[in-house]
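Participant: Dropping the sequence and predicted coords here.
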Amino acid sequence: MAYGAVDLVQKPSEGGISLDLVEVADDLRRKVRIAARVRVVRSARLPVAAPPVPAAAPGMLAPGARESAGEQVVLIGCSTGGPAALLQLARQWRGCALPAMVVAQHLPAEFTAELALQMAGCLGAPVREAVCGDRPQDGLVLVAPGGHHIYLDSGGALRLVAAGATEHCVPSIDRLFASAAAALGPRALGVVLTGMGNDGTAGAALIRRAGGTVWAQDEASSIIDGMPRAVREAGQASQVFSLSEIGRALAAAPLPLFSP
């Protein structure tokens, strides 16, 4: 996916027995239609990533990190084209002091650990899959594990819920944003990146209503402009930035970042 693939279709099997091929066909048709709308760009040579910084064990602070208390937590939602966008951001953030981040990228369970590993290599700082009980920390990027919805409880800790087999928007950006609005209020910064559909729009409205901030990626830098466009057209984007501008803003801006 780092070299330009925009989505994937899993081979359906359980103990060597094929599952519902009608459902597989529906998923394949849906993803082919999405791929047909992707803006094709010339592939750039990927830089060799440095070894990642080891992440702290769940429940422990990462090296040099501190719990994000009283400051904004960045919640990033993305779908089609998201892995390439996240790797670009990670390269841009290398060597920078980052706020606490939680990423919800629509991907199956087998791929999010690898995405976190690739991001850590590009970033040179801790990135790992989230587990129940994690708390957002400055300098640590937590990626929602595929196949699960992720949300913040009333105490600010992350919780995971297994998704249904037929759900497409997993992890749900709306669920993450809605929980952040309730748990963090004005400390929540929701960022909606490239992706098909409108996941994140309803959650963005809740973040804004709670006094938080929402950024939407612009059309020109989005591989698929569905999700960020839905946020923009709903009037829920506090700011509209290119992907590079989002990277620079998160790496350079003092906290709190922006008022709604």
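Facilitator: Great, that's in hand. Numbers count the residues shown, from 1 in each chain.
Participant: burial of the residue nearest to Leu158 when sequence neighbours are not counted, as a residue count?
Facilitator: Distances taken as CB to CB, 6 or more residues apart in numbering place Asp134 nearest to Leu158, at 4.5 Å, with adjacent residues excluded. In this view, the C-beta of every residue, glycine as well, is placed from N, C-alpha and C. Residues within reach of Asp134, counting by other CB atoms under 10 Å, total 22.
Participant: Next up, phi/psi of Asp134, please.
Facilitator: As for Asp134, its main-chain torsions (degrees, to the nearest 10) stand at phi -60, psi 150.
Participant: again, but for Pro108
Facilitator: With angles defined as degrees, to the nearest 10, Pro108 sits at phi -70, psi 170.
Participant: And it, how far from Gly146?
Facilitator: Distance, Pro108 to Gly146, by CB to CB, to the nearest Å: 5 Å.
Participant: and what of Glu110?
Facilitator: Computed as CB to CB, the Glu110 to Gly146 distance reads 7 Å.
Participant: So for these two, which residue has more residues nearby?
Facilitator: Neighbours of Glu110 and Gly146, each counted by other CB under 10 Å, are more numerous for Gly146; the result is 20 against 11.
Participant: which SSE is the more buried one in?
Facilitator: Using DSSP states H and E, Gly146 falls within no helix or strand.
Participant: so what pLDDT did the closest residue in space to Gly226 that isn't next to it in sequence get?
Facilitator: Leaving aside its sequence neighbours, Gly226 sits nearest to Met196 (CB to CB, 6+ apart; 4.3 Å). Looking at Met196, its pLDDT reads 90.
Participant: and Met196, that one's in a helix?
Facilitator: No. Met196 sits outside any helix when classified using DSSP: H, G, I helix; E, B strand; the rest coil, being coil.
Participant: Please list all residues in contact with it.
Facilitator: By CB atoms under 8 Å, 6 or more residues apart in numbering, the residues touching Met196 are 34, 37, 79-80, 224, 226-227.
Participant: one more time with 10 Å, if that's ok
Facilitator: By CB atoms under 10 Å, 6 or more residues apart in numbering, Met196 lies in contact with 6-7, 30-31, 33-35, 37-38, 79-81, 106, 168-169, 223-227, 230.
Participant: Tell me the buried residues in stretch 156-171?
Facilitator: The neighbour-count check on stretch 156-171 (16 or more other CB atoms under 10 Å) flags 156, 158-160, 163, 169-171 as buried.
Participant: what are the ranges of the strands in the stretch 101-250 of the chain?
Facilitator: 127-129, 137-138, 141-143, 148-152, 158-162, 188-192, 213-217, 239-241 (DSSP state E, counting those that start in this stretch).
Participant: okay, those, which one's buried deepest?
Facilitator: strand 188-192 (a mean of 29; mean count of other CB atoms under 10 Å).
Participant: strands paired with that one, and their directions?
Facilitator: strand 73-78 (parallel), strand 213-217 (parallel) (DSSP bridges).
Participant: What angle do strand 148-152 and the longest one make with each other?
Facilitator: It stands for strand 73-78. Comparing the axes of strand 73-78 and strand 148-152 via axes from the mean of the first three to the mean of the last three CA atoms, to 10 degrees yields an angle of 160 degrees.
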